[in-house]
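Build me a model from this:
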Amino acid sequence: MPMRISAGGPDFQILLDRQSALDISAFVVGGVDLSPGTAIPSDGDRRIDHALQGFFFTCGPDHIRHPEPIEGREDGQKYPLHGSLCGTPAGETWMSQPGEPPGCNAHTEVLLANGGRARISRLWAVSPDNREVTLNDRVTNIGDRPFSPMLMYHMNIGGRLAGADTQIGGTMFGEERFGWRFGDGDRGLLCVPATAGAKDGWAEVVLGPFEAFSGRSLAVRFSTHTLPFLQMWRCQSGGADVIGIEPASHRLAKRTELAAAGEMPLLASGGTVDYALAFRIR
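Numbering: from 1, shown residues only. Predicted coordinates for the structure are as follows:
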């Protein structure tokens, strides 16, 4: 059964997916779900098809984006699409108790593509003003071999909600705002450094306004300490109609290029790395 977190302020609920590491299958505000549902493109991976239909899924912790060869393997084996975590059922979970702020946490162990193991310690919570959802993740190497941690959070918004006035803005773009139909034709992709303009180590990107939310917008904040890039994409091809906001640990480049540039440091056995983000309708 899915797990539900509800809060006051703007009436919202998030529906957590036990079957995919406690990602978010639905983010409902005032009765309207931001998720794209079945209006998504498919790469043929059932894990990703399921995850992409929801509002939020986690790419990593050993690989992000499309498959590339696993280092040191002579058989040509590749990392799975969007890494090993997606589709891994959540492990131990705890819901907040009555009288406590709404929230949920979980420990999920995942087998990595290189044969190692990692634990994702995840905490979802709602801010004291009941308006913002926060996420804190800790990735721990619990295996016997090092790996290079990579993480990207996919926040998927149904394009059906966007209108002619819907724009993108953020700290990384300065004063610039641009239409949500960026790129060429029916598809668009960008990946930019998020550290420029970040305040106290936190970047913010805003998508909106949305008529369905009375002219309000979706605002996403994330810690640039371990998520120093913002990737965004959209697809309005065929039956797909989705916009993605994706805080990322690495720039858009091949693993070999990142490694050559010293951007793929190893996490030793027992080592940890933390990630954080938050989102709200405002």
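
Give me the distance between A203 and I120.
The spacing between A203 and I120, counted by CB to CB, to the nearest Å, is 22 Å. All C-beta spots, glycine's among them, are computed from the backbone N, C-alpha and C.

What segments of this protein are helices?
For the chain, the helices defined by DSSP state H occupy 46-52, 255-260.

G183 and P149: what is the separation?
For G183 relative to P149 (CB to CB), the value is 29 Å.

Which one's more surrounded, those two?
Under the criterion of other CB atoms under 10 Å, the comparison of G183 against P149 puts P149 first, with 25 against 13.

residues in contact with that one?
By CB atoms under 8 Å, 6 or more residues apart in numbering, P149 lies in contact with 60-62, 118, 139, 141, 249, 267, 273.

Put the alpha carbons of stretch 127-142 into PDB.
Provided in PDB are the C-alpha atoms of stretch 127-142 (Å, rounded to 0.1, in the frame of the first residue of the first chain):
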ATOM      1  CA  SER A 127       8.000  22.500   7.100                       C
ATOM      2  CA  PRO A 128       6.600  24.100  10.300                       C
ATOM      3  CA  ASP A 129       4.400  26.400   8.200                       C
ATOM      4  CA  ASN A 130       2.800  23.300   6.600                       C
ATOM      5  CA  ARG A 131       3.600  24.700   3.100                       C
ATOM      6  CA  GLU A 132       6.900  23.100   2.000                       C
ATOM      7  CA  VAL A 133       7.900  19.500   1.500                       C
ATOM      8  CA  THR A 134      11.500  18.700   2.400                       C
ATOM      9  CA  LEU A 135      13.700  15.800   1.600                       C
ATOM     10  CA  ASN A 136      17.000  14.800   3.200                       C
ATOM     11  CA  ASP A 137      18.900  11.800   1.800                       C
ATOM     12  CA  ARG A 138      22.100  10.100   3.100                       C
ATOM     13  CA  VAL A 139      23.900   7.600   0.800                       C
ATOM     14  CA  THR A 140      26.100   5.200   2.700                       C
ATOM     15  CA  ASN A 141      28.500   2.800   1.100                       C
ATOM     16  CA  ILE A 142      27.800  -0.400   3.000                       C
END
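
how about low-confidence regions in this protein?
1-3, 6-10 (pLDDT under 70).

phi, psi of the closest residue to K254 other than its chain neighbours?
Nearest residue to K254, sequence neighbours excluded (CB to CB, 6 or more residues apart in numbering): E68, at 6.5 Å. Backbone torsions for E68, taken as degrees, to the nearest 10, come to phi -140, psi 160.

Number of residues surrounding A259?
14.

Correction: the previous question concerned L189.
Look at L189: counted by other CB under 10 Å, it has 15 neighbours.

Can you name the residues that contact it?
By CB under 8 Å, 6+ apart, the neighbours of L189 are 183, 231-233, 252.

Grab the nearest non-local neighbour of the spatially most central residue of the chain.
Closest to where the C-alpha atoms of the chain average out (CA atoms, centre = their mean) is Y153, at 1.6 Å. If the residues on either side of it in the chain are set aside, Y153 comes closest to P247, at 5.2 Å by CB to CB, 6+ apart.

thought that neighbour was touching M232?
No - using CB atoms under 8 Å, P247 makes no contact with M232, being 10.1 Å away.

Those two: which is more packed in?
More neighbours surround P247 than the other of P247 and M232, with 26 against 21 (other CB under 10 Å).

Could I get the contacting residues of the more buried one?
Applying CB under 8 Å, 6+ apart, we find P247 in contact with 152-153, 194, 203, 220, 222, 227, 229-231, 277.

So which of those wins on neighbours?
Most surrounded of the contacts of P247: other CB under 10 Å gives F222, at 29 neighbours.

check contacts around that residue.
So F222 contacts 153, 194, 202-204, 230, 247, 276-278 (CB under 8 Å, 6+ apart).

what do you get if the cut-off is 6 Å, keeping everything else the same?
By CB atoms under 6 Å, 6 or more residues apart in numbering, the residues touching F222 are 203, 247, 277.

who's the first one bridged to?
Right, A203. When bridges are called by DSSP bridges, A203 pairs up with F222.

my read: it touches T195, true?
No - applying CB atoms under 6 Å as the test, A203 and T195 come out as separate, 7.1 Å apart.

Overlap of the contact sets of these two?
Overlap of the contact sets of A203 and T195 (by CB under 6 Å, 6+ apart) consists of T224.

Which residue is the nearest non-sequential neighbour of T272?
Residue nearest to T272 in three dimensions, not counting chain neighbours: T140, with 4.8 Å by CB to CB, 6+ apart.
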